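Asks: I would like the atomic coordinates for the input below:
(chains A and B)
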Protein chains: 2
Amino acid sequence: MAEKISYIGVDLGGTNLKTALVSRHGKIIQTRTASVRLDRGAESIANELLAECRTLVASGKKQGLEVCAAGLGVAGKIDRASGTVVFSPNLPMLDGYPLAKNLQDNLGIPVFMENDANVFGLGEGFAGAAKGVRNWVGITLGTGTGGCLFLGGKLWEGDRLGFSAEIGHMIVEPEGPLCPCGSKGCLEAFASARALISGAKRCIASGGISENLKSMEAAGMLSARTIYDCAKQGDRTALALFDKMGWALGICLANVFSALGIRHAVIGGGVSSAWDLFIGSLETTLARNASMLGAGSAVILRSRLGDDAALIGAARRAKTESSWRRS
Amino acid sequence: MAEKISYIGVDLGGTNLKTALVSRHGKIIQTRTASVRLDRGAESIANELLAECRTLVASGKKQGLEVCAAGLGVAGKIDRASGTVVFSPNLPMLDGYPLAKNLQDNLGIPVFMENDANVFGLGEGFAGAAKGVRNWVGITLGTGTGGCLFLGGKLWEGDRLGFSAEIGHMIVEPEGPLCPCGSKGCLEAFASARALISGAKRCIASGGISENLKSMEAAGMLSARTIYDCAKQGDRTALALFDKMGWALGICLANVFSALGIRHAVIGGGVSSAWDLFIGSLETTLARNASMLGAGSAVILRSRLGDDAALIGAARRAKTESSWRRS
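Replies: Numbering: from 1, shown residues only, chains lettered A, B, ... in the order given. Purely as a prediction, here's the structure:
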């Protein structure tokens, strides 16, 4: 019996390394998750990635599936041609490291690398919230804040400078909080897991903070999740952090919509689970600041595929790029 | 002898109505300028426009030139299909007025309407500073602040919502000065003739202002030009206004470059004559806030066609649209 074709999709963020075996129709067959050890070097991440992929290849083989290619979604500025991570604020040890080339050499199948937010977008556009929408912006709220842009139904790649749709590094408040990228007041400095934690720490340091968050910090348990739980219990400081997140997203989306004359956005990533805590201030701020867009014209969609978006999108990237290369 | 084909290009801003007879090769044959009377109604502007165009048609006829079509560049949100101005913060009396349709009916040739910044871009892209650049943003510094976007070598029209590339209404300082559009802290509220005048008036009202600017205001002579002259004479308040203009342009361009992964901009419009007074702070601010763009990668170009850009671009729009319609 001839083996059926399948692909590997990888989502490498600042916290987790997720891998999946994906059918050629874009269905997820199997997923795996490993932690990213930020204290270790690039080789360690590369080895972990190789081991995860080998496990999926072997598992596929048992099910009669041949893995033809792999797609990597990685947080940061990517040089696709050389398969190298150029600059990754959230995975600094990978700067300059040929992650895709390394995996391709060791795995023996074509490997394609893409920005993690772009693979999220490829997934949501193919089978998720943005299916059928031609012009839209995607934002992923994770450890950092990613972005992708689809114009005329295609992933927009700009001047191929190694980045595009860096929505997370658009400035929403000049002289605002410092962002890992080196600029001040970027969207990411308000709308990411790290921004929530930094914001909570700043509030604790300046006094006048709820006992709830303070004890979380003392126990080393301050995370986007625990701050969310505090907010749900009515903690005002925690609520204000999500409110500010929505405000920053509203300013940023107003700017993207004004600049591009478009009106659709899809928001995903782990922190988008806190949707009910930021969507109100997002929509109010957007309406107030997108003066050219008629009231109620903006369409803000929630990711439909969740964690699967990036995995499906990365596998899809592998499929289209490898079939392009074969033809 | 068969008459040679020519086109009319119109640039209608908040201050002047400029018209030109343009050859089919994009050369300006004759230009005319009339003042815009903001205190009169839409009919008055429409009649003035018709008279100017009739003069050019008659003048062309004498030179053996047949005018085939006209292109109107108008500051504001445009409904191309109906030839109507939807919303124009700088020409409010035109809101909802079918300016292009009116002119077409009275002139008896096809008339096409386009946003004024877009025709500026069509001109600069065809024969000016952006010739040969595929992806770029254009900004016009006039009474207000216009924008245009060229992606893949074409004018980007977004979702055809009647606006796109409204760079002037991107927010650079939330809660900053009020903009005529109703939002606060738009680029236009810092980088336009009106912003310079408002800024000078705010400084005068709050005291501690140079005698120079104060006497200009008392004489009713406060304008972008006189503020520029004061700045050139070393007036600190005037210098600070241009510095702030450069800062706002820098923040805004950083955001456009981050969002689109592009690196070229062309700046034109009357107030861009003050280039030497704002380009320094623009470039410093841009370098500090476009974290994804390598140092020195941004290319900020000065309009090469000046006032002619919009006239040539509007005529070019008329040429391409009318030949499209004929074919």
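Asks: and the residue found closest to A:Ala298 once you drop the neighbours it is linked to in the chain, what's its pLDDT?
Replies: For A:Ala298, the nearest residue in space outside its immediate sequence neighbours is A:Arg263; the separation is 5.1 Å by C-beta to C-beta, 6 or more residues apart in numbering or on different chains. Glycine gets a C-beta too; all of them are placed from N, C-alpha and C. In the predicted model, A:Arg263 carries a pLDDT score of 98.
Asks: how close does A:Arg263 sit to B:Thr31?
Replies: Separation of A:Arg263 from B:Thr31 (C-beta to C-beta, to the nearest Å): 38 Å.
Asks: which of those two has more neighbours?
Replies: Using other C-beta atoms under 10 Å in any protein chain shown as the criterion, A:Arg263 and B:Thr31 rank with A:Arg263 on top: 22 against 16.
Asks: let me know whether that one touches A:Gly294 as I believe.
Replies: No: at 9.1 Å, A:Arg263 does not count as touching A:Gly294 under the criterion of C-beta atoms under 8 Å.
Asks: anything in contact with each of the two?
Replies: A shared contact of A:Arg263 and A:Gly294, defined by C-beta atoms under 8 Å, 6 or more residues apart in numbering or on different chains, is any residue touching both; here these are B:Leu161.
Asks: who's in contact with A:Gln63?
Replies: Taking C-beta under 8 Å, 6+ apart as the definition of contact, the neighbours of A:Gln63 are A:Ile29.
Asks: now it: phi and psi?
Replies: For A:Gln63, the backbone dihedrals (degrees, to the nearest 10) come out as phi -100, psi 10.
Asks: next SSE after the lengthiest helix in chain A?
Replies: Scanning chain A for the helix with the most residues, using DSSP state H, yields helix A:236-260. Tracing the chain C-terminally past helix A:236-260 and defining elements by DSSP states H and E, one meets strand A:264-268 next.
Asks: which residues of the stretch 201-327 of chain A fall in helices?
Replies: Remark: helices of the stretch 201-327 of chain A, listed N- to C-terminal, are A:211-218, A:224-232, A:236-260, A:275-289, A:308-326; assignment by DSSP state H, counting those that start in this stretch.
Asks: let's have these in CSV, adding distance to A:Ala205 and mean neighbour count.
Replies: Shown next, in CSV, are the helices of the stretch 201-327 of chain A (distance: least, C-beta to C-beta, whole Å; neighbours: other C-beta atoms under 10 Å in any protein chain shown):
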stretch, distance to A:Ala205, mean neighbour count
helix A:211-218, 10, 16
helix A:224-232, 15, 20
helix A:236-260, 12, 25
helix A:275-289, 23, 19
helix A:308-326, 34, 23
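Asks: nearest to A:Arg160, of those?
Replies: In terms of C-beta to C-beta, the element of the helices of the stretch 201-327 of chain A nearest to A:Arg160 is helix A:308-326, at 14.7 Å.
Asks: can I get the helices of the stretch 201-327 of chain A in CSV including distance to A:Lys27?
Replies: Conversion of those to CSV gives the following (distance: least, C-beta to C-beta, whole Å):
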stretch, distance to A:Lys27
helix A:211-218, 39
helix A:224-232, 29
helix A:236-260, 31
helix A:275-289, 26
helix A:308-326, 8
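Asks: using CSV, please lay out those together with mean pLDDT.
Replies: Written out in CSV, the entries for the helices of the stretch 201-327 of chain A read as follows (pLDDT from 0 to 100):
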stretch, mean pLDDT
helix A:211-218, 86
helix A:224-232, 95
helix A:236-260, 97
helix A:275-289, 97
helix A:308-326, 90
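Asks: nearest to B:Ala259, out of those?
Replies: Evaluated over the helices of the stretch 201-327 of chain A, closeness to B:Ala259 peaks at helix A:236-260, with 5.9 Å, by C-beta to C-beta.
Asks: next, A:Ala165: secondary structure please.
Replies: Following DSSP: H, G, I helix; E, B strand; the rest coil, we place A:Ala165 in the coil state.
Asks: tally of neighbours for it?
Replies: Around A:Ala165 there are 28 other residues, counting by other C-beta under 10 Å.
Asks: hang on, isn't it packed against A:Leu151?
Replies: No: under the criterion of C-beta under 8 Å, A:Ala165 lies out of contact with A:Leu151, with a separation of 9.8 Å.
Asks: so who does A:Pro174 touch?
Replies: Counting by C-beta under 8 Å, 6+ apart, A:Pro174 touches A:Lys184, A:Gly185, B:Val172, B:Glu173, B:Ile251, B:Asn289.
Asks: ok, it to A:Ser88 distance?
Replies: Spatial separation of A:Pro174 from A:Ser88 under the definition C-beta to C-beta is 25 Å.
Asks: for the stretch 101-250 of chain A, which spans come out with low pLDDT?
Replies: A:208-209 (pLDDT under 70).
Asks: how close does whichever residue of the stretch 201-327 of chain A sits closest to chain B get to B:Ser210?
Replies: Distances from the stretch 201-327 of chain A to chain B, computed as C-beta to the nearest C-beta, single out A:Gly261 as the nearest residue at 2.5 Å. Distance from A:Gly261 to B:Ser210, counting by C-beta to C-beta: 41 Å.
Asks: A:Asp307 contacts A:Thr15, correct?
Replies: No: in this structure, A:Asp307 is not within contact of A:Thr15 by C-beta under 8 Å, at 11.8 Å.
Asks: those two - which one has more neighbours?
Replies: Neighbours were tallied for A:Asp307 and for A:Thr15 using other C-beta under 10 Å; the higher tally belongs to A:Asp307 (20 against 16).
Asks: helix/strand/coil for the residue nearest to the more buried one when sequence neighbours are not counted?
Replies: In space, and not counting its chain neighbours, A:Asp307 is closest to A:Lys18: 6.7 Å by C-beta to C-beta, 6+ apart. Classification of A:Lys18 by three-state DSSP places it in strand.
Asks: OK, contacts around A:Lys18?
Replies: Neighbour list for A:Lys18: A:Val10, A:Asp11, A:Leu12, A:Thr31, A:Arg32, A:Thr33, A:Asp307, A:Ala310, A:Leu311 [criterion: C-beta under 8 Å, 6+ apart].
Asks: ok, the last one - contacts?
Replies: Listed by C-beta under 8 Å, 6+ apart, the contact partners of A:Leu311 are A:Gly9, A:Val10, A:Asp11, A:Lys18, A:Thr19, A:Ala20, A:Val22, A:Ile28, A:Thr31, A:Val119, A:Gly123.
Asks: inside helices: which ones of these?
Replies: Secondary structure of the contacts of A:Leu311 is defined by DSSP H; positions in helices are A:Val119, A:Gly123.
Asks: now, which of the contacts of A:Leu311 sits nearest chain B?
Replies: Taking C-beta to the nearest C-beta as the measure, chain B sits nearest to A:Val119 out of the contacts of A:Leu311, at 16.0 Å.
Asks: is it true that A:Ile204 touches A:Met216?
Replies: No: look at A:Ile204 against A:Met216 with C-beta under 8 Å: they stay out of range, at 9.4 Å.
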